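Trainee: need the 3D shape of this:
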Amino acid sequence: MKYARIIDGVVDSISYDLPYFEGRPEPGWTEAPDDVFAGFSFDGENFTGPEPTPPPRQTVRKSVVQARIIEAGMMASAYAALTQNPVYFARWFAPDRPEVYCDDPDAILLVTALGLDPDAILAPIV
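Mentor: Here you go, the predicted model:
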């Protein structure tokens with residue numbers, strides 16, 4: 001038999017024996033199915049598993065993006081576009097951010113404005 005301690009509607013801990021305190025069952029423990037573990041929600045009747053962690057967003061190194069833009073013959077246009085907007089320029093050339101998200105809306109907008117395919121230019125290296 002498996003038991004779950006429920007605190008504020010969430011499984012806090014699991015026990016395989018019903019915990020006793022001063023000779024009687026400790027309050028707050030409920031019989032639970034085998035597949036329940038800490039973090040599950042409990043509505044008084046049903047246990048619900050936590051939402052799965054989303055996969056990390058894919059990134060591509062900015063140097064790879066630049067090389068692809070250069071190869072497409074559009075680096076002068078890309079540089080001109082970046083220098084017209086100080087915020088975009090600062091974000092692109094920030095030394096502590098060597099990568100850009102493949103789905104970054106600003107990067108997609110820039111690449112599209114250059115007439116290039118964002119799926120190709122911002123594709124991650126696999």
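Trainee: from the chain's centroid, how far away is the helix or strand hosting residue 13?
Mentor: For residue 13, the element it lies in under DSSP states H and E is strand 10-15. Remark: strand 10-15 is offset 26 Å from the chain centroid, using Cα atoms, centre = their mean, to the nearest Å.
Trainee: the helix or strand just after it packs against which elements?
Mentor: Next along the chain after strand 10-15, taking DSSP H and E as the criterion, comes strand 20-21. Judged by 3 or more Cβ pairs under 8 Å, 6 or more residues apart in numbering; DSSP states H and E, strand 20-21 has no packing partners among the helices and strands. Heads up, the C-betas are built off the backbone N, CA and C, glycines and all.
Trainee: what pLDDT is listed against residue 24?
Mentor: Looking at residue 24, its pLDDT reads 81.
Trainee: that one: neighbouring residues, count only.
Mentor: Close neighbours of residue 24, defined as other Cβ atoms under 10 Å, add up to 7.
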